[in-house]
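A.B. asks: Kindly generate the corresponding structure for this input.
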Amino acid sequence: MPTIHEYLNGLFPGVTLGPSLIDQWKINLHFEFARELYQFIDGSDEINLKYFEKVFFQASSIFNSIFSDDDQVFLLVNVYRENDLKYKSKLGLYLKYISDKNVRYHLQQSTFPYPFPEEEEEEPINAYTIQYSIKCMKRDIQTRLILKALTNRDFPPLKPRFSDELGMHYDVFFVNVSKNVIFFMHDDTGCEVISNSLETLLPLYERYGDWICPFCKDNIDKLFK
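C.D. replies: Coordinates of the predicted model:
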C-alpha cells in the first residue's frame with residue numbers, strides 16, 4: 001500500500017486532508033445531520049440527547065455504507081497546535097481505538113503548516129499542524145467509538161470523547177483505499193464524502209439524498225443527474 005501522500009497525489013491530486021474537502025474536489029457529497037433538531041432542549045441549557053442519537057445514527061449509516069471490514073484504510077488525524085513545538089507524544093486516539101499493537105506500530109507522524117491563513121494575524125506565530133496516519137484494515141479500528149466521539153466532540157458532558165491531548169482543534173479522516181472514498185465528519189452538524197468516481201457515490205446520493213446540506217443540494221443534484 002502506498003503512503004497517504006502518494007495515494008492522494010495519485011488518486012486525489014491537489015487535495016489536502018484538512019477542513020472543507022468539498023471545496024477541493026468536484027465529486028463530493030455534503031450531508032447535514034439532525035436538521036430538524038437542536039443540540040439543547042428548547043428554553044434550557046439541557047443537552048438534547050435525541051439530537052445526538054440522530055447525529056450518530058446518520059453518521060454511522062453513511063459510514064457503514066462506504067466501509068466494509070475488509071477494506072484497506074488510512075486513519076488520519078490532524079492536530080492543530082499553538083506554541084507547543086515540543087509536543088511529540090503518540091496520539092492516545094490510536095491506543096484507545098486500535099487495540100492491536102502490531103497495527104499501531106506503523107503509526108506515522110508529520111508536521112505541516114497551520115491551515116488557517118485567514119486567521120494568521122490573530123494566531124501565535126508558532127501555530128502548526130501535527131498529522132498522524134496509520135494504514136490498516138477497517139476491521140482493526142473501533143470505528144463506532146470514533147464516530148461517537150466525533151458526535152460528542154464539542155459537548156464535554158457526553159461520552160465517549162477524545163482526550164484533551166487533542167487540543168482545541170483537530171480533524172479525523174477515514175480514507176478508504178479499496179474504494180477510493182474519503183469520509184470526513186467535521187463535527188455534530190455534518191460530514192463530507194469525496195470520491196474519484198461518481199458511480200461510487202451514486203448509491204449514497206440515492207439512499208441519503210434527503211440528508212444533503214440544502215446549501216449544496218442544487219450543485220450536487222446537477223452533478224448526479
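
A.B. asks: Got the confidence number for the residue lying farthest from the centre of the chain?
C.D. replies: No residue in the chain sits farther from the centre than residue 43, which is 31.3 Å out by CA atoms, centre = their mean. Note for residue 43: predicted pLDDT of 87.

A.B. asks: Any regions of this protein where pLDDT drops low?
C.D. replies: Residue ranges of the chain with pLDDT under 70: 1, 83-92, 116-125, 163-168.

A.B. asks: ranges for the helices of this protein?
C.D. replies: Using DSSP state H, the helices of the chain run over residues 4-11, 49-66, 92-97, 101-104, 143-152, 198-207, 214-224.

A.B. asks: quick one, what contacts residue 31?
C.D. replies: 58, 62, 190-193, 208, 211-213 (CB atoms under 8 Å, 6 or more residues apart in numbering). (C-beta placed from N, C-alpha, C; glycine too.)

A.B. asks: Just list whatever residues bridge to the one residue sitting closest to the centre of the chain.
C.D. replies: For the chain, the residue nearest the mean C-alpha position is residue 184 (2.9 Å; CA atoms, centre = their mean). Listed by DSSP bridges, the beta-bridge partners for residue 184 are residue 173, residue 192.

A.B. asks: so which of the helices of the chain gets nearest residue 21?
C.D. replies: helix 4-11 (11.1 Å; CB to CB).

A.B. asks: for that closest one, which positions count as buried?
C.D. replies: Along helix 4-11, these residues count as buried under the neighbour rule (16 or more other CB atoms under 10 Å): 4, 7-8, 11.

A.B. asks: Format those residues as TSV; extra columns: distance to residue 221.
C.D. replies: TSV is the format used below for these (distance: CB to CB, whole Å):
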residue	distance to residue 221
4	32
7	30
8	27
11	25
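
A.B. asks: Most widely separated two among the residues you listed?
C.D. replies: 4 and 11 (10.9 Å).

A.B. asks: quick revisit: which one of the contacts of residue 31 sits closest to residue 161?
C.D. replies: residue 191 (17.7 Å).

A.B. asks: contacting residues for the closest one?
C.D. replies: Taking CB under 8 Å, 6+ apart, one finds 30-31, 33, 59, 62, 183-185 in contact with residue 191.

A.B. asks: Of the residues you listed, which is the most crowded?
C.D. replies: residue 185 (26 neighbours; other CB atoms under 10 Å).

A.B. asks: Tell me the spacing between that residue and residue 58.
C.D. replies: Residue 185 sits 10 Å away from residue 58, going by CB to CB, to the nearest Å.

A.B. asks: what's the answer for residue 30, then?
C.D. replies: 13 Å.
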